[in-house]
Structures are given as C-alpha cells and as structure tokens.
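**Student:** Below are the sequence and a predicted model; questions follow.
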Amino acid sequence: MKCWQAADLVIQLSSSSKTKPDVLDFGTVFTDHMLTIEWSVTEGWQAPLIKPFGNLSLHPACSSLHYGIQLFEGLKAYRGDDNRLRLFRPMLNMNRMANSAKRACLPAFDQSELLECIRRLVEIDQDWVPYSGSASLYIRPTFISTEPSLGVKKPTRALLYVILSPAGSYFNNDSEAISLWADPKYTRAWKGGTGDCKMGGNYGCALFAQYEAVDYGCQQVLWLYGEDQQITEAGTMNIFLHWINEDGEEEVATPPLDGIILPGITRQSILELTRKWGEFKVTERYLTMDQLCSALKQQRVKEMFGSGTACMICPIGHILYQGENLHIPHQDKNSHLTSQIAKELTDIQYGRTSSDWTYLV
Ligand SMILES: Cc1ncc(COP(=O)(O)O)c(C=O)c1O
C-alpha cells in the first residue's frame, strides 16, 4: 500500500508560542506543535500534518484504549556546542518502531519518510531544544489503533503521532547510584511475549512492582526471569555488569536479545563502542542472581549500570534481594568505564565528535 511522503506534509503553525518553564520534570511540558498521520484500511495513509499541539478526539470504543493496541518510541534531539540540533541514531528507533508495529498488527510505514517528518517537526519547534549540555528535547512517536469497535481484531484505522517534550535529567539525582529491588515474583517479559517491543502494556503492567520496590525503599525493579533468576533489565533500562568473570577475564556483559529484552539503542551503542576499544571482553550472555552473588562474595564485581536514552548511563549502588541489601561497587559517574562511555556518547550527541551516529536536524 502507498505510504505517505514527507513532501506531502501539511503545516499549520500555531499563532502563539507557550512559555518555556525553567524546571523540567520529565514529560510534563510539551512544545507548540505535534505531527499526526492518519491511516485507514480503505484509504491508506493520509498526508502527514504538523499542527498546534492539542488533545486528540477518540471514539470511546477505540481499541488502543480497550486492548492496548498501541506502541511508542523515545529518542532525543540535542543542541550542540555549535548550536546545531542532532538526533542520535534515529533510524534505529524507526526500525524498532516498525518491529513493534508489526507485532501490534498496526500498518507498515516508510521509516525514512517518518524520520523526515520528525526532523521537520523538531525544526519548527527548535527553540524548545534546551540550550544546555545536559538537557535535550525528548521525542515521543506514538502509534495507536483508532478502530472504533469492540471486536478484538486487526485495526482498520490507526493514528501515528509525534509529540515533543523538553527534558532535563530523568532521575531526580543523576549523580547517585540507584537502588534496585529484585524479587522473582514479578516478571516484566516472557519468551514469545512482547518484551522486545515498545508497547505501552509492558510499562503499565510493570507499575505495580515499581511501587512495591519503592515500598521497600528502592528506586527501580531489577527484573528477573526464569527458574535460574536471570538478570534481564533494570526498571526501563538495559543492564550491564562489569566484572571478572568465572574464567578470570575482565568482561562487560549484558543479557542477549532473546525476545525478553528491549533492544536498546544505548545498549547497542555501548556494545559497539566498548568492542571497538578492545580493552576487555564484551559479551551478550545470560547472567543469573547466583552468579552475581558469588562474584560479589569473591569481590569480582567492578560495577553495574543501566542504560537508556532517558538517563544514558546510570550506576547501580544496591540490590535488595532475599532480604539482603547487596552492595554493588561503583564509583558514580567518575568510574573509568561509565564516565568514558558517557563522555564518548555525549561528545557524539552534542556534536563535539563528528560521527555517522548523528542525524542533523
Ligand atoms: C524496557 C526498556 N529497556 C531498555 C530501554 C533503553 O532503550 P534505549 O537505549 O533505546 O532508550 C528502554 C527505553 O526505551 C526500555 O523501555
């Protein structure tokens, strides 16, 4: 079926610009415009539209509301020291979005054309990209079924839209290591499920466990999987262990993409960067709580950290597991590995190092 083209973009500019607040709580403030693209099985994709930011009007039977037939993405635009705006590896987000759409039975779209429409949207709202080396503009592509009936079926109507929100740091105090609560009674994702797709249901279902973690005095859930309690993800981040492995080798390890792990763009970038350095073994492998506990006892753990677009790299300080508060060695953001990774990635994102990982707006 014919897809839309960015060349067909219709632009309706807002007559005024909202005030930009100083304090940026994640995802609470939105820019002046949004992108919407409608699809129906009978008419295919309509022309993309950039219009003033505003509420959606949805049929109450809409199947994204009833059955969670929807998905989203998350990426950022960074204002470089040279005042140019850059996106970081955005085609990887477009690709992940296309995979989620396929799994959600939502229609296919042209990834490059969507990226060009997003580029135009960011360009129009460019004043909203913070003038700061630590803040950025969060881009939230969203794709929902607008099927106006209660049957559980493949949508015949859908809406793809993109909203923008200026973002500071995701966690309140990003210089401190976070604490995790690990209890096998909750599962984030399972084999054959949708844990490798960015669908809202994965996040809504995780909320209850997240609040139990907070009741235990922890900030995030360490998601375990299976009888052997595999370590899978930390909250909404991929997870890395830097240690001396069972064979005495220095290793940076993260769980493999076996269907229950979200294929993070930061994860992929960290793997590619550290493999290029060639300073230690870099592995995608299973890691279990038993392996972690014995490595901690034998003082073989150097550090653990989470990775994601929101926080980039987040050191892990404690894991509450079976009533014991496991101390994870970390040297906050000044540790060699995390600070080196953070520096190389931010240098690329803010244009201090030229790289084909950036996409100019
Ligand atoms: C469950 C989960 N894991 C990992 C990540 C990190 O992915 P990325 O590096 O693409 O932001 C995210 C964020 O998108 C996530 O929601």
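**Tutor:** Looks like it came in fine.
**Student:** C-alpha only now, for contacts and for neighbours.
**Tutor:** OK.
**Student:** burial of G74, as a residue count?
**Tutor:** Per other Cα atoms under 10 Å, the neighbour tally for G74 reads 19.
**Student:** how close does I118 sit to S112?
**Tutor:** Using Cα to Cα, to the nearest Å, I118 is found at 10 Å from S112.
**Student:** Settle it for me: which of these two has more neighbours?
**Tutor:** Counting neighbours by other Cα under 10 Å for I118 and for S112 shows that I118 has the greater number, 25 against 15.
**Student:** Pull the contacting residues for the more buried one.
**Tutor:** By Cα atoms under 8 Å, 6 or more residues apart in numbering, I118 lies in contact with L35, V162.
**Student:** Now the terminal residues of stretch 183-200, how far apart.
**Tutor:** Its start and end residues considered, stretch 183-200 measures 22 Å (Cα to Cα).
**Student:** Please determine whether that stretch lies in contact with the ligand.
**Tutor:** No: Stretch 183-200 is not in contact with the ligand by Cα under 6 Å from any ligand atom; minimum separation 6.6 Å.
**Student:** Please compute how far that stretch lies from its chain's middle.
**Tutor:** Distance of stretch 183-200 from its chain centroid, counting by Cα atoms, centre = their mean, to the nearest Å, is 15 Å.
**Student:** Give the rounded mean pLDDT of it.
**Tutor:** Average pLDDT, stretch 183-200: 97.
**Student:** Over to stretch 309-329?
**Tutor:** Stretch 309-329 shows a mean pLDDT of 94.
**Student:** what comes up buried for stretch 143-162?
**Tutor:** Of all the residues in stretch 143-162, those buried under the rule 16 or more other Cα atoms under 10 Å are 143-148, 155-162.
**Student:** so of the residues you listed, which ones are in helices?
**Tutor:** Assigned to helices by DSSP state H, none of the buried residues of stretch 143-162 qualify.
**Student:** Now, those residues that are in strands?
**Tutor:** If you go by DSSP state E, these have F143, I144, S145, R157, A158, L159, L160, Y161, V162 in strands.
**Student:** Which pair of those residues spans the longest distance?
**Tutor:** Using Cα to Cα, those span at most 17.1 Å, a distance reached by R157 and V162.
**Student:** From the ligand, how far off is the residue lying farthest from the centre of the chain?
**Tutor:** In the chain, the residue that sits farthest from the middle, by Cα atoms, centre = their mean, is Q298; the gap is 33.6 Å. From Q298 across to the ligand, the span is 29 Å (Cα to the nearest ligand atom, to the nearest Å).
**Student:** Around the ligand, which positions in the protein sit nearby?
**Tutor:** When proximity is defined as Cα under 6 Å from any ligand atom, the chain approaches the ligand at G74, T236, M237, N238, L262, G264, I265, T266, R267, S307, G308, T309.
**Student:** So the fifth one sits against C197, correct?
**Tutor:** Put plainly, it is L262. Yes: between L262 and C197 there is a contact under Cα atoms under 8 Å: 6.3 Å.
**Student:** Show me which of these two is the more surrounded one.
**Tutor:** C197 (25 against 22).
**Student:** The nearest residue in space to that one that is not next to it in sequence: helix or strand, and which one exactly?
**Tutor:** Of all residues not flanking C197 in the chain, S100 sits nearest, at 4.9 Å (Cα to Cα, 6 or more residues apart in numbering). Using DSSP states H and E, S100 sits within helix 90-103.
**Student:** How about T266?
**Tutor:** Assigned by DSSP H and E, T266 belongs to helix 265-277.
**Student:** Any buried residues in the following helix or strand past that helix, and which?
**Tutor:** Past helix 265-277, further along toward the C-terminus, the next helix or strand under DSSP H and E is strand 281-284. Within strand 281-284, the residues that count as buried by 16+ other Cα under 10 Å are V282, T283.
**Student:** Same question for stretch 114-134.
**Tutor:** Within stretch 114-134, judged by 16+ other Cα under 10 Å, the buried ones are 114-122, 124-126, 128-130.
**Student:** This protein - how does it break down into domains?
**Tutor:** Domains of the chain are assigned by automatic domain parsing as 6-168, 178-349.
**Student:** Apart from its neighbours in sequence, what residue is nearest the closest residue to the ligand within the stretch 51-200 of the chain?
**Tutor:** Nearest residue of the stretch 51-200 of the chain to the ligand: G74, at 6.0 Å (Cα to the nearest ligand atom). In this structure, G74 finds its nearest non-sequential neighbour in R140, 5.0 Å apart by Cα to Cα, 6+ apart.
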